[in-house]
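> Just a sequence and a predicted model for now, questions to come.
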Amino acid sequence: MPTRPPEVNHDNETVTDTLLSISQERLIGFSSLPDMLTPMTEYQVGHAPGSVPERRAMTKVPELTIYFWIAKLLSTAMGESVSDALGHLLGHTQAAVVAGTALLVALIVQFRAHAYSTWIYWIAVSMVAIFGTMAADILHGQLAISYIASTAFYAVALAAIFLFWHRTENTLSIHSIVTRRREAFYWAAVLATFALGTAAGDLTARTFQLGYFASGIMFAIVMAIPGLAFWKFRMNAILAFWAAYVATRPVGASFADWMATPAAHGGLGLGAGPAGVGLAIVLLVLVAYMAISGKDVKAHR
């Protein structure tokens, strides 16, 4: 009789592959661009560290499309202008109370949402942008802390948030935001990036006397470097994302200040109020377009 070939146990191979995949995720988080640019699958969500397997968790952030980055830059610029306008109108202390209350309400609504919502998410980001600007300005304007010291303070604060987040959750991927704890880490990091970016933008524009327009150009180049490093040199995708994300703040804030600065000082002379209103309208239109079209949640391949 001919010898019968040994049977291959495909179930064992599948189990082995699955265990290896889970082990890799626990060791390094999500380390490739597809992991960051697409939502987590139902399997990934159920088996991610700290997740709840018995329910289908939903990520609470948008996909990283071109629309995300445009909206992020607009929100940073709008937050800078609106913060300055409110500070002049109400006074810095009263403006901080108003903005802080609005931020608290926006975050409560965001945390109570069961899944990503375009309007809820970008309203929360906008409130973070406004309050984050005030947090940086208060350190310098009210407490007389130098831009160098405030920039260093917020840099250390952001590093501490990232360190604690990673040690607790084993990943910094924004598409692993499927639990309340991870969402809290995420929004703490976002707030710190806005404050850091504001301080860094003022540091280069004022302390180093580059001016707002030159600072905006410089930080735009800084923002592009992580993308180029990922594209050409395979930089870790999560690291590339957060590096670019931090840089968006001084880019938007610098150009917003340039728009508001009087022409005699090298700006466009629009004023903080008109600049803030104009930027808010453009952001509103973009968010409405994303909400209607779904381009911030659909993967286009």
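Good, I have the coordinates.

> mind exporting stretch 142-149 as PDB, just the C-alpha atoms?
Provided in PDB are the C-alpha atoms of stretch 142-149 (Å, rounded to 0.1, in the frame of the first residue of the first chain):
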ATOM      1  CA  GLN A 142       0.200  85.900  34.900                       C
ATOM      2  CA  LEU A 143       3.000  84.000  36.600                       C
ATOM      3  CA  ALA A 144       5.900  85.700  34.800                       C
ATOM      4  CA  ILE A 145       7.500  82.400  33.900                       C
ATOM      5  CA  SER A 146       9.800  82.500  30.900                       C
ATOM      6  CA  TYR A 147       8.900  80.800  27.600                       C
ATOM      7  CA  ILE A 148      12.000  78.600  28.000                       C
ATOM      8  CA  ALA A 149      10.800  77.400  31.400                       C
END
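
> List the buried residues of that stretch.
Neighbour counts over stretch 142-149 (16 or more other C-beta atoms under 10 Å) mark Ile145, Tyr147 as buried. All C-beta atoms are positioned from the backbone trio N, CA, C, and that covers glycine.

> For it, give me every contacting residue.
Stretch 142-149 is contacted from outside by His92, Thr93, Leu139, His140, Phe153, Ala199, Asp202, Leu203, Arg206, Thr207, using C-beta atoms under 8 Å, 6 or more residues apart in numbering.

> Pick out the most distant pair among those residues.
Thr93 and Thr207 (24.4 Å; C-beta to C-beta).

> ok, the spatially closest residue to Thr261 that is not a sequence neighbour - contacts?
What sits nearest to Thr261 in space, not counting adjacent residues and going by C-beta to C-beta, 6 or more residues apart in numbering, is Gly267, at 2.6 Å. Neighbouring residues of Gly267 by C-beta under 8 Å, 6+ apart: Tyr212, Phe213, Asp257, Trp258, Met259, Ala260, Thr261.

> quick one: which of these is nearest Ser173?
Asp257 (32.4 Å).

> so the closest one is in which element?
Using DSSP states H and E, Asp257 sits in helix 237-260.

> Please list the outside residues in contact with whichever helix or strand comes after that helix.
For helix 237-260, the following helix or strand on the C-terminal side (DSSP H and E) is helix 272-293. Residues external to helix 272-293 that are found in contact with it (C-beta under 8 Å, 6+ apart): 62, 67, 70-71, 74-75, 77-78, 81-82, 84-85, 88-89, 118-119, 122, 126, 256, 259-260, 270, 295-296.

> Show me where this structure has its helices.
If DSSP state H is used as the criterion, the helices of the chain fall at 10-28, 33-37, 42-47, 66-90, 92-112, 118-141, 147-169, 180-202, 212-233, 237-260, 272-293.

> Including mean pLDDT, could those go into CSV?
Listed next are these as CSV, based on pLDDT from 0 to 100:
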stretch, mean pLDDT
helix 10-28, 40
helix 33-37, 37
helix 42-47, 38
helix 66-90, 93
helix 92-112, 93
helix 118-141, 88
helix 147-169, 93
helix 180-202, 91
helix 212-233, 93
helix 237-260, 93
helix 272-293, 95
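
> Can you list the buried residues in stretch 222-240?
Applying a neighbour-count criterion of 16+ other C-beta under 10 Å, one finds Val222, Met223, Pro226, Ala229, Phe230, Met235, Asn236, Ala237, Ile238, Ala240 buried in stretch 222-240.

> any idea how far Ile281 is from Thr248?
Ile281 sits 20 Å away from Thr248, going by C-beta to C-beta, to the nearest Å.

> do the same with Ser254
Per C-beta to C-beta, Ser254 is found 11 Å from Thr248.

> out of the two, which sits in the busier spot?
A side-by-side neighbour count of Ser254 and Thr248, using other C-beta atoms under 10 Å, places Ser254 first with 31 against 23.

> if I pick that one, what's in contact with it?
Contacts of Ser254 (C-beta under 8 Å, 6+ apart): Gly201, Thr204, Ala205, Tyr212, Phe213, Ser215, Gly216, Phe219.
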